[in-house]
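Asker: compute the structure for the input listed below.
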Amino acid sequence: MPLSALSPTFSTNPSASLTSISPYLSKFTTTTKTRRISKKIGVFTPKFSPISALSDPYVLQIAETLEDSVPSTSSPPLQKLRDNSSNTLLSTPWPSRKDEPFRFTDTSFLKNSTIQPTPPPKNQSLSPKNESLDTLLPTLSIIDGYITGSLNQLTDFPNGVYIGSLLSVDSEAILKRVSEYEFSFKGDLFYSLNGVGTPDVVLVYVPEGCKVENPLLLRYISVEGSEKESKSLPFSNPRVLVLVEKGGEISLVEEYVGGDKDQCYWTNSVMEVVVGEGAKVNHSYIQNQSFNAAHIKWTWVQQESNSTYEHIEVSTGGKLSRHNIHIQQVGPDTVTELSTFHMCVSDQTQDLHSRLVLDHPRGVSQQIHKCIVAHSSGQAVFDGNVQVNRYAQQTDAGQLTRSLLLEPRATVNVKPNLQIIADDVKCSHGAAISDLEEDQLFYFRARGIDAETARKALIFSFAAEVVDRFPNASIRKRVETHIRELLDPSCL
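Answerer: Model prediction:
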């Protein structure tokens, strides 16, 4: 019996009768493990709690399923994460189109599916479809949300650098540093579901003054999948914590790949990045999952004084793809650069919600967002917020979004938003939406180039401004090839 069936019995009256739900209490309370969420809501206890009236039964049902699927842990930081997340879920409803952050993002695809947490992977052999961007890069593989040891290709790193499972950390100094980190950021429902359902946390730790020369590839592989007609949705929750101490530097590449392009699954990912004073992080993010998959990702970044964070993103996969990126500058003289490119070549939704908060002087932020919608049922969403607060004087902030609509009924919803409270700043933002200009096509055709070739060249050059910013040549080449393949008429 789903928890939604019990919702009419919710009451804030301590003397309310439990007769109507007593046949089901044993089902929920006789599991082999103690459930944190069950103990916090009145429907599972002899006394009702006022918070039960605020709880969403469907959300609690998913949370219970996730909690039962993950092993118990003796790691205090991971336990704290799970507890904080479960507390948040008690008052977090499933989002609807009436909620402003999801006004243009339909999540009914998820709610109408049967959510099934992915089990730990067995010995998996990677197919050619899942070959890495560059096998020469140091690689950590995460299969269906689980860190795998057999596929790792990690080479030697400088002393003090740790890359791997949080549960496997044996350094007291690193454990102490991680314990000092508060998993306190409050994201949305999906952020909290990840906190409850993640089996482990990938920890990337760079000590003070250490510069990691080679880029680190974090490769997320979705193996479990279902047929579209089955309504079943395997659900994974990978999570990464990046701690870069004062003066440290590292380059990260996240690559999301899946099996067959028709498989259904849901990847619900979170990355938290702490950039210490004077430190630098270059973050590349490539999302190329199944056209029937759901991909929801949170990236939370905290920048201390004189630090630099660079983000380059290309997202082309997923039936529903949403990236929430929140950046908090907590010191002066910080530099933030965001470059994103999204493309819809099928019945897809590509959604980017970004928020950048500047609270200190002389901050610099530059954001460019580009998207192409090349399908009549495709949709792109951009909601970008830059907030320059009172003490963020002498800030230089720029935001630009450009979109190409290549089909008559293709849709893009853009909402650039620049909020300025400080009075000594240099800020700008802009938005442009169009199809290819006829005079641009005429320029090519007048020189003997056919219309189809000219169109492809112009579309690719539109994406190249972002793709060219990838710091690694092999990554740029692989992404360029992938985009050209998607622009082939057979793919559109």
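
Asker: for E213, give me its contacts.
Answerer: Contacts for E213 (C-beta atoms under 8 Å, 6 or more residues apart in numbering) come out as none. The C-beta positions use only the backbone N, C-alpha and C, and glycine is treated the same way.

Asker: adjust the sequence numbering to begin at 46 for everything that follows.
Answerer: Sounds good: first residue 46 from here, last item E258.

Asker: and it, how far from S277?
Answerer: From E258 over to S277 the distance is 44 Å, taken as C-beta to C-beta, to the nearest Å.

Asker: which SS state does R142 fall under?
Answerer: Classification of R142 by DSSP: H, G, I helix; E, B strand; the rest coil places it in coil.

Asker: which strands border the helix or strand in which L288 is found, and is each parallel or antiparallel?
Answerer: Mapping L288 onto the secondary structure by DSSP states H and E places it in strand 284-289. Paired strands of strand 284-289, with direction, are strand 247-251 (parallel), strand 311-320 (parallel) (DSSP bridges).

Asker: model confidence over the shortest one, on average?
Answerer: To tie it back to what came earlier, the one meant is strand 247-251. Taken as a whole, strand 247-251 has a mean pLDDT of 96.

Asker: equivalent analysis for the last one, please.
Answerer: The average pLDDT for strand 311-320 rounds to 97.

Asker: keeping just the C-alphas, turn that strand into PDB.
Answerer: C-alpha atoms of strand 311-320 as PDB (Å, rounded to 0.1, in the frame of the first residue of the first chain):
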ATOM      1  CA  TRP A 311      17.200   8.400 -13.400                       C
ATOM      2  CA  THR A 312      20.500   9.800 -12.300                       C
ATOM      3  CA  ASN A 313      20.200  12.200  -9.400                       C
ATOM      4  CA  SER A 314      23.600  13.700  -8.800                       C
ATOM      5  CA  VAL A 315      25.200  16.200  -6.400                       C
ATOM      6  CA  MET A 316      28.600  17.800  -6.400                       C
ATOM      7  CA  GLU A 317      29.800  20.100  -3.600                       C
ATOM      8  CA  VAL A 318      32.900  22.200  -4.100                       C
ATOM      9  CA  VAL A 319      34.800  24.200  -1.500                       C
ATOM     10  CA  VAL A 320      37.500  26.400  -3.100                       C
END
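
Asker: now the element after that strand, going C-ward?
Answerer: strand 325-333.

Asker: so for that following strand, mean pLDDT?
Answerer: 97.

Asker: just want the angle from the next helix or strand after that strand to strand 284-289.
Answerer: Once strand 325-333 ends, the next helix or strand along the chain (criterion: DSSP H and E) is strand 339-348. Relative orientation of strand 339-348 and strand 284-289, computed by axes from the mean of the first three to the mean of the last three C-alpha atoms, to 10 degrees: 20 degrees.

Asker: just want the angle from the helix or strand just after strand 339-348 to strand 325-333.
Answerer: Counting by DSSP H and E, the next helix or strand C-terminal to strand 339-348 is strand 353-360. Between strand 353-360 and strand 325-333, the angle comes out at 10 degrees (the same axes, to 10 degrees).

Asker: same for strand 353-360, what does it pack against?
Answerer: strand 311-320, strand 325-333, strand 339-348, strand 365-374, strand 380-389, helix 496-512 (3 or more C-beta pairs under 8 Å, 6 or more residues apart in numbering; DSSP states H and E).

Asker: the stretch 46-195 of the chain: helices as residue ranges?
Answerer: 67-74, 81-85, 102-114, 121-134, 153-156 (DSSP state H, counting those that start in this stretch).

Asker: nearest to N462, out of those?
Answerer: helix 121-134 (25.2 Å; C-beta to C-beta).

Asker: what's that closest one in contact with?
Answerer: Counting by C-beta under 8 Å, 6+ apart, 81-82, 85, 104-105, 108, 112, 118, 211-212, 220, 223-224, 226, 228-229, 231, 234, 236-241, 243, 245-246 sit against helix 121-134.

Asker: swap in stretch 443-459?
Answerer: By C-beta under 8 Å, 6+ apart, the list of residues contacting stretch 443-459 reads 149, 389, 410-429, 431, 461, 463, 472-481, 504, 507.

Asker: any quick ChimeraX command for the buried ones out of these?
Answerer: To isolate the buried members of these in ChimeraX, using 16 or more other C-beta atoms under 10 Å:
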select :149,389,410,412,413,414,415,416,417,418,419,420,423,424,425,426,427,428,429,431,461,463,472,476,504,507
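
Asker: just the ones of the contacts of stretch 443-459 in strands?
Answerer: Cross-referencing those against strands under DSSP state E gives 389, 410-418, 424-429, 431, 461, 463, 472-479.

Asker: low-confidence ranges, the stretch 46-195 of the chain, go.
Answerer: 46-99, 168-180, 195 (pLDDT under 70).

Asker: pretty sure H398 contacts H368?
Answerer: Yes - between H398 and H368 there is a contact at 7.2 Å, judged by C-beta atoms under 8 Å.

Asker: among the contacts of helix 121-134, name the buried ones.
Answerer: For these, buried by 16+ other C-beta under 10 Å: 81-82, 85, 104-105, 108, 112, 211-212, 220, 223, 228, 234, 236-241, 243, 245-246.

Asker: in the stretch 146-295 of the chain, which spans are strands?
Answerer: 159-162, 184-188, 191-192, 207-210, 247-251, 261-267, 277-281, 284-289, 294-303 (DSSP state E, counting those that start in this stretch).

Asker: want to throw those into TSV with mean neighbour count?
Answerer: Below are the strands of the stretch 146-295 of the chain laid out as TSV (neighbours: other C-beta atoms under 10 Å):
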stretch	mean neighbour count
strand 159-162	16
strand 184-188	23
strand 191-192	20
strand 207-210	18
strand 247-251	23
strand 261-267	24
strand 277-281	23
strand 284-289	23
strand 294-303	23
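
Asker: I'd like the ones you listed as a markdown table, with distance to V375 appended.
Answerer: Shown next, in a markdown table, are the strands of the stretch 146-295 of the chain (distance: least, C-beta to C-beta, whole Å):
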| stretch | distance to V375 |
| --- | --- |
| strand 159-162 | 35 |
| strand 184-188 | 28 |
| strand 191-192 | 29 |
| strand 207-210 | 24 |
| strand 247-251 | 18 |
| strand 261-267 | 24 |
| strand 277-281 | 31 |
| strand 284-289 | 14 |
| strand 294-303 | 19 |
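
Asker: tabulate the helices of the stretch 46-195 of the chain (JSON lines), appending distance to H356.
Answerer: Formatted as JSON lines, the helices of the stretch 46-195 of the chain follow (distance: least, C-beta to C-beta, whole Å):
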{"stretch": "helix 67-74", "distance to H356": "42"}
{"stretch": "helix 81-85", "distance to H356": "34"}
{"stretch": "helix 102-114", "distance to H356": "28"}
{"stretch": "helix 121-134", "distance to H356": "23"}
{"stretch": "helix 153-156", "distance to H356": "26"}
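
Asker: for the nearest residue to D469 once chain neighbours are set aside, give me its contacts.
Answerer: With C-beta to C-beta, 6 or more residues apart in numbering as the criterion, D469 has its nearest non-adjacent residue at 4.5 Å, and that residue is Q438. Residues counted as contacts of Q438 (C-beta under 8 Å, 6+ apart) are 406-407, 467-470.

Asker: quick one, what contacts Q308?
Answerer: With C-beta under 8 Å, 6+ apart, Q308 has these contacts: 267, 270-272, 335, 337-338.

Asker: distance from the chain centre to stretch 261-280, please.
Answerer: Chain-centre distance of stretch 261-280: 15 Å, with C-alpha atoms, centre = their mean, to the nearest Å.

Asker: what about that stretch, start to end distance?
Answerer: 25 Å (C-alpha to C-alpha, to the nearest Å).
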